[in-house]
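Participant: Mind looking at a prediction? Sequence and model below.
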Amino acid sequence: MLNIKKLAVSLTKHGAHKLAILLQAVPLDQMLTSTSGVVDGVNIDAGQVRKLLSANKAGDIPSVWHSIQRSDPFVIRAMVLMAIIFSHHEIIEQMAAGSGGAGQGQILRAQFPNPKSFTNLKNDFESLGFMTFANYTGFGFDLRPIFLHESTGRLSAQLLGLKLRDAGWVGGDVLSASLEAGFAGALGLTEIEFKKWLSGTGLSLEEKIEVGVADPDKEKSSPFLFRPGHNPKKSGNIKRKERIAANFASLLHNEIQNKLYIWLENVYGVGSTASENSTGAGDTAIDIVRDAGEGFIFYEIKTARSIKACIREALPQLMEYSYWPNTQRAVELIIVSPNKPTEDAASYLKRLREEFKIPVFHETVDLETGRLSEKI
């Protein structure tokens, strides 16, 4: 008999998100013997990992995890998050309660009797890259990238089948049983959307707009308001070389943002700097803003492995943040990355400034101190 109360992985043991790191580091048949002291930075309870993977008592791990392990890092992170959400009935219930529809919503600290359970879940969403904001009272999430990916639906169908089995399901139609268990509601999907996604057909961006996601072309702009301050983000002990193993770029970004904010405040004074300051142009925020007296300087942090890639990613964002739809919010646009300057990058940015009058620069950040180099 199906009973989701049987889904009860520990909520108070920290580090479930590190399963994604483990999946990328060791063979599947070694997972349950590598949960502590084998992979740098990974120390997870073996029983917690066994439940997340839906392994049997003999330690056999279901074959779907072989497919997940061979996927790209995004899919691995997405499927680990699915395993976390659907391994405890309380998370399933609170996800449904916090859903705003279309895969978006927020979870409040008050929804969990044990504050540690809330904190661990918040860390999981942040570390896996599906958090939109966080403060003491709660955090926001956005699962739309999962639904838009071509391979997550079929993998999730298999994963949900395992969770249903763990909840006492004896077989039959996965979709019907998942709907009965409230799985669609936990993801903020309608029955039709849920069925289409699990079938592997995928959900298009246009369809997600139709079910309630704001159309960017209909967003209203408002005057830019500078709000100094910073809410430190989780960063962890991230080394540059670890990014190759996807440990994850978001954590490195957070580390840079934390240190850069402190460094700028120390150099330019308390109250001079803000992080995640709303642009006023729709639902967008700037990594770092500094009040330079004669105007504001916008800093966009990028962690790609080349300065060219960082410029390519950051430039359109900074242009929108400053100029959309027809204004000028910043007097300077700074691309921040750990990459050393190159002659080509310097020449390119100089041409943008001189020929197109775009006040854009690059500054290299010191990963240890947050200190910025000279502008190019």
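Facilitator: Perfect, I can see it now. Because the structure is a prediction, the values reported are computed rather than measured.
Participant: List the backbone torsions phi and psi for the nearest residue to A25 once chain neighbours are set aside.
Facilitator: Distances taken as Cβ to Cβ, 6 or more residues apart in numbering put V39 closest to A25, at 4.6 Å, once the chain neighbours are dropped. For the C-beta atoms, the positions are set from N, CA and C on the backbone; glycine is no exception. Phi and psi for V39, reported as degrees, to the nearest 10, are phi -100, psi 130.
Participant: check contacts around V39.
Facilitator: In this structure, V39 makes contact with 21-22, 25-26, judged by Cβ atoms under 8 Å, 6 or more residues apart in numbering.
Participant: What of G182?
Facilitator: 4, 92-93, 96.
Participant: Show me how to select, in ChimeraX, the buried members of the residues you listed.
Facilitator: The ChimeraX command for the buried members of the contacts of G182 (criterion: 16 or more other Cβ atoms under 10 Å) is given here:
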select :4,92,96
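Participant: hmm, who's touching stretch 131-142?
Facilitator: Stretch 131-142 is contacted by residues 103-110, 122, 125-126, 130, 231, 233, 276 when judged by Cβ under 8 Å, 6+ apart.
Participant: What subset of these is buried?
Facilitator: Buried members of the contacts of stretch 131-142, scored by 16+ other Cβ under 10 Å, are 103-107, 122, 125-126, 130, 233, 276.
Participant: Is F361 within a helix or a strand, and which one?
Facilitator: strand 360-364 (DSSP states H and E).
Participant: name the helices or strands packed onto that strand?
Facilitator: If you count contacts as 3 or more Cβ pairs under 8 Å, 6 or more residues apart in numbering; DSSP states H and E, strand 360-364 packs onto helix 307-323, strand 332-337, helix 343-356.
Participant: Pop out the phi and psi values for the residue nearest in space to the middle of the chain.
Facilitator: Central residue of the chain (Cα atoms, centre = their mean): G129, 1.5 Å from the mean position. Backbone torsions for G129, taken as degrees, to the nearest 10, come to phi 90, psi 20.
Participant: 55 is where my numbering starts, stick with that
Facilitator: Happy to do that; since the first residue is 55 now, the last one works out to G183.
Participant: domain assignment for this protein?
Facilitator: For the chain, automatic domain parsing gives the domain ranges 58-264, 294-418.
Participant: Would you mind putting those domains into CSV with distance to G424 alongside?
Facilitator: As requested, the domains of the chain are exported to CSV (distance: least, Cβ to Cβ, whole Å):
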stretch, distance to G424
domain 58-264, 20
domain 294-418, 3
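Participant: would you turn those domains into TSV with mean pLDDT and distance to F280?
Facilitator: Output for the domains of the chain, formatted as TSV (pLDDT from 0 to 100; distance: least, Cβ to Cβ, whole Å):
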stretch	mean pLDDT	distance to F280
domain 58-264	88	19
domain 294-418	87	6
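Participant: Which one of these lies nearest to L279?
Facilitator: Across the domains of the chain, L279 has its closest neighbour in domain 294-418 (6.9 Å, Cβ to Cβ).
Participant: what residues are up against S108?
Facilitator: Per Cβ under 8 Å, 6+ apart, neighbours of S108: 115-116, 137, 213, 216-217, 219-220.
Participant: which SS class is E330?
Facilitator: strand (DSSP: H, G, I helix; E, B strand; the rest coil).
Participant: Am I right that it is in contact with Y353?
Facilitator: No: judged on Cβ atoms under 8 Å, E330 makes no contact with Y353 at a distance of 11.5 Å.
Participant: any residues in contact with both of these two?
Facilitator: Common neighbours of E330 and Y353 (Cβ under 8 Å, 6+ apart) are 340-341.
Participant: how far out from the middle of the chain is stretch 374-387?
Facilitator: 26 Å (Cα atoms, centre = their mean, to the nearest Å).
Participant: Can you give me the buried ones in that stretch?
Facilitator: 375-376, 378, 383-384, 386-387.
Participant: Stretch 70-86 too?
Facilitator: 70-77, 79-80, 82, 85-86.
Participant: still on that earlier bit, got TSV for the buried residues of stretch 374-387, with distance to E245 too?
Facilitator: Listed next are these as TSV, based on distance: Cβ to Cβ, whole Å:
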residue	distance to E245
Y375	38
S376	43
W378	37
R383	43
A384	45
E386	50
L387	45
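Participant: Which stretches in the stretch 105-254 of the chain count as helices?
Facilitator: 118-123, 127-139, 143-152, 169-182, 198-202, 206-220, 228-235, 237-240, 245-252 (DSSP state H, counting those that start in this stretch).
Participant: Check which helices and strands the shortest one sits against.
Facilitator: Going back to what we said before, that points to helix 237-240. With contacts taken as 3+ Cβ pairs under 8 Å, 6+ apart, helix 237-240 sits against helix 143-152, helix 245-252.
Participant: one more time with 10 Å, if that's ok
Facilitator: Here helix 237-240 touches helix 127-139, helix 143-152, strand 153-155, helix 206-220, helix 228-235, helix 245-252, going by 3 or more Cβ pairs under 10 Å, 6 or more residues apart in numbering; DSSP states H and E.
Participant: Same check on the longest one?
Facilitator: The helices and strands touching helix 206-220, judged by 3+ Cβ pairs under 10 Å, 6+ apart, are helix 100-107, helix 118-123, helix 127-139, helix 198-202, helix 228-235, helix 237-240, helix 245-252.
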